[in-house]
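Enquirer: When you get a sec, could you give me coordinates for this:
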Amino acid sequence: MCPHHSRPSKLGICHLIFLLSLSSETMAFQLQVPPILQSLYSKSQLSRLQPPFKPRLAQFNTANYPHKAHVASNAAAKLPTSHTFNMQHIQVKDLSIVLDTLLKQRISIHEPGLFEVNWLLQVDEAFQTTAVKNAFLTESPPEDWQLISARISPCFPMVNSRAFNAQIFCWPQVRTVWQPVISSYAAEWTHLHNYSDDRAIHTLYWTLPTMFGDTSTHHTDEAFFNHILHLATQQPEALSQLSPQTLQRWVTLRNQMAKQILKKTHNLRGTLQQRLFHGFGIRPELFKPNEQGIFRDKFIRFLQTYAAPQNLYEMTSFSLTGGRVPALMDIWVFLAFSAERGHLVRKPLHIYDSDTGQPLNQAMMSQSITTGEDDTKFYNHPNHDKLRQQVLLYENDFKSISKRIFAKEPLLVGETSCATCHRFNAVRFNFHNQSKFNELETTISGKLKNEVAQDIQWIRRELLETKIN
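Expert: Residues are numbered from 1 along each chain as shown. You can find the predicted model right below:
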């Protein structure tokens, strides 16, 4: 838990505006649940997937976390008693690891080997030149920041556009989400517990061969990975010129690394039954006093190996402007950073054409958005019409863009704006994705659910037959 301290609210009464905003008018559209999600959920679970498309106040109670939910077709599955397993054992809570604030001993940024405090200072400095100004650290000092969740992706696209075969050129990735949380926030009309300021940091790490041992083969494999990564990010057109032998070597190494990280992910489990890891929600170990501490220690060791600061590849962050009242402030800023050996460098934000892979906009060092609009630079842009096909610029495009977000092959991160990636939640000014929105429980966005469903199908298709000892 966070240190027990309270902070006075500048506009605490305005939280009432937030509650009043949870009406059906907030998001008028209802969408069909994508078929890929239907294949992973029972009818009762599917009913809980509706909130991202139709806001209801009820979604913010504990029903949003179906701890006992399970996939109907595998309801009788039991946790294997040996360390031999196949990919069928990997479930949703292995890939979406949600802590929320349930750990009795939180994982703070001061935990050795996980996060560099100077990263906060660099992110704060970057926000100083935006509408956020000094609110980032003034409202959220280092002692408040803690780990909220992590995401294991067995094959995250390395390219910025599907024009360059994202199905082949993907690689296992670990992501962590950090937020400032106050144990007791003194609003004018009540005390809010486990209150998170409306900002977050996401850290991204590629899974490297040398993480699984120091051998000559692993170093050669890592050099090969770095070569393909360079092509994917800097010269994607060259990927089509790779020989069949090189492509086969790539796929073999990629799948090997995916199996290894998934095995390590599965090993985080304790003695709980398999069914408890189905469905989205908080890790089941956190509800078991005899399991929580063991899981925490294993998870920290896992992150110290596969998400160590020196292996940081990219970082993103978003923040509300100062004031702590999203409905009234109504300005959020998104930033991105690349990293080399743990050192952050501002990264320009591009949107790439999903058909050609070419940039659609000039480099933007930040994106500033509101509840109803994306960054103003997009609206009078020469490529406005093409941007409109990939970025949610207008309310009446919500349905068409959502179809692309929730498609079997959804828009990649590089093919749309930061706000579009984060905009598909029930409350239109909740831009969180596996992070906390104020006093509410961790938001599991519809976009993230679709991505995890895609990952599980990828595992079943590519890795299912392989057993690991």
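
Enquirer: Am I right that Gly357 is in contact with Ala163?
Expert: Yes: with contact defined as CB atoms under 8 Å, Gly357 reaches Ala163; the gap is 3.8 Å. Heads up, the C-betas are built off the backbone N, CA and C, glycines and all.

Enquirer: where along the stretch 351-469 of the chain do the strands fall?
Expert: 367-369, 435-436, 442-443, 467-468 (DSSP state E, counting those that start in this stretch).

Enquirer: Name the residues contacting each of Gly357 and Ala163.
Expert: Pro236 (CB atoms under 8 Å, 6 or more residues apart in numbering).

Enquirer: Would you reformat the strands of the stretch 351-469 of the chain as TSV and include mean neighbour count and distance to Gly322?
Expert: Shown next, in TSV, are the strands of the stretch 351-469 of the chain (neighbours: other CB atoms under 10 Å; distance: least, CB to CB, whole Å):
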stretch	mean neighbour count	distance to Gly322
strand 367-369	22	14
strand 435-436	26	19
strand 442-443	26	22
strand 467-468	12	49
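
Enquirer: Give me the buried positions along the helix or strand hosting Thr265.
Expert: Element membership of Thr265, judged by DSSP states H and E, is helix 244-266. For helix 244-266, a neighbour-count test (16 or more other CB atoms under 10 Å) marks 250, 253-255, 257-266 as buried.

Enquirer: same check, this time on stretch 117-129
Expert: Buried residues in stretch 117-129 (16+ other CB under 10 Å): 119-120, 122-124, 126-127.

Enquirer: closest to Glu237 out of the strands of the stretch 351-469 of the chain?
Expert: Nearest to Glu237, of all the strands of the stretch 351-469 of the chain, is strand 367-369, at 26.6 Å by CB to CB.

Enquirer: what packs against the closest one?
Expert: strand 332-340, helix 418-422 (3 or more CB pairs under 8 Å, 6 or more residues apart in numbering; DSSP states H and E).

Enquirer: Just name the most buried of these.
Expert: Highest mean neighbour count of the helices and strands packed on strand 367-369: helix 418-422, a mean of 23 (counted as mean count of other CB atoms under 10 Å).

Enquirer: now that one: mean pLDDT?
Expert: Across helix 418-422, the average pLDDT comes to 94.

Enquirer: Over to stretch 273-292?
Expert: Here the average pLDDT along stretch 273-292 is 95.

Enquirer: May I have the beta-bridge partners of Ser196?
Expert: Val181, Asn438 (DSSP bridges).

Enquirer: isn't it right next to Ser435, touching?
Expert: Yes: the criterion here is CB under 8 Å, and Ser196 meets it with Ser435 at 7.4 Å.

Enquirer: Give me the common contacts of those two.
Expert: 148, 179.

Enquirer: Quick check: Phe280 vs Lys263, distance?
Expert: 22 Å (CB to CB, to the nearest Å).

Enquirer: swap in Phe337?
Expert: On the measure of CB to CB, Phe337 and Lys263 end up 30 Å apart.

Enquirer: ditto for Trp458
Expert: Counting by CB to CB - Trp458 and Lys263 are separated by 16 Å.

Enquirer: Name the residues of stretch 369-383 that come out as buried.
Expert: In stretch 369-383, counting by 16+ other CB under 10 Å, buried: 369, 371, 373-375, 378, 381, 383.

Enquirer: Near Cys155, how many other residues are there?
Expert: Using other CB atoms under 10 Å, the number of residues around Cys155 comes to 23.

Enquirer: name the element it belongs to?
Expert: Using DSSP H and E, Cys155 falls within strand 145-157.

Enquirer: if we can go back for a sec, Phe406: which of the buried residues of stretch 369-383 is nearest?
Expert: Asp374 (18.7 Å).

Enquirer: Contact partners for that closest one?
Expert: Asp374 neighbours (CB under 8 Å, 6+ apart): 367, 391-393, 417, 419-420.

Enquirer: show me where the stretch 151-300 of the chain has strands.
Expert: Secondary structure of the stretch 151-300 of the chain (DSSP E, counting those that start in this stretch): strands located at 170-186, 191-196, 199-206.

Enquirer: which one of these lies closest to Tyr352?
Expert: Between the strands of the stretch 151-300 of the chain, strand 170-186 lies closest to Tyr352; by CB to CB that is 15.8 Å.

Enquirer: could you give the angle of the closest one to helix 244-266?
Expert: Angle, strand 170-186 to helix 244-266, by axes from the mean of the first three to the mean of the last three CA atoms, to 10 degrees: 30 degrees.

Enquirer: gap between the residue nearest to Glu291 when sequence neighbours are not counted and Val177?
Expert: Spatial nearest neighbour of Glu291, excluding adjacent residues (CB to CB, 6 or more residues apart in numbering): Glu285 at 4.1 Å. Using CB to CB, Glu285 is found at 18 Å from Val177.

Enquirer: Need the contact partners of stretch 104-121.
Expert: Contacts for stretch 104-121 (CB under 8 Å, 6+ apart): 1-2, 99, 137, 142-143, 145-147, 176, 178, 181, 201, 203, 292-293, 296, 299-300, 303-304, 307-309, 315, 342, 344.

Enquirer: Alpha carbons of stretch 242-254, as PDB, please.
Expert: The C-alpha coordinates for stretch 242-254 follow below in PDB (Å, rounded to 0.1, in the frame of the first residue of the first chain):
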ATOM      1  CA  LEU A 242      15.200 -11.300 -46.800                       C
ATOM      2  CA  SER A 243      15.900 -14.800 -48.000                       C
ATOM      3  CA  PRO A 244      13.600 -17.800 -47.100                       C
ATOM      4  CA  GLN A 245      16.400 -19.200 -45.000                       C
ATOM      5  CA  THR A 246      16.700 -15.900 -43.100                       C
ATOM      6  CA  LEU A 247      13.000 -15.800 -42.600                       C
ATOM      7  CA  GLN A 248      12.900 -19.400 -41.300                       C
ATOM      8  CA  ARG A 249      15.700 -18.600 -38.900                       C
ATOM      9  CA  TRP A 250      13.800 -15.600 -37.700                       C
ATOM     10  CA  VAL A 251      10.500 -17.400 -37.100                       C
ATOM     11  CA  THR A 252      12.300 -20.300 -35.300                       C
ATOM     12  CA  LEU A 253      14.100 -17.900 -33.000                       C
ATOM     13  CA  ARG A 254      11.000 -15.700 -32.400                       C
END
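
Enquirer: What are the boundaries of the helices in the stretch 251-400 of the chain?
Expert: Secondary structure of the stretch 251-400 of the chain (DSSP state H, counting those that start in this stretch): helices located at 289-306, 326-329, 384-390, 398-405.

Enquirer: Nearest to Thr210, out of those helices?
Expert: Among the helices of the stretch 251-400 of the chain, if distance is taken as CB to CB, the winner is helix 289-306, at 10.7 Å.
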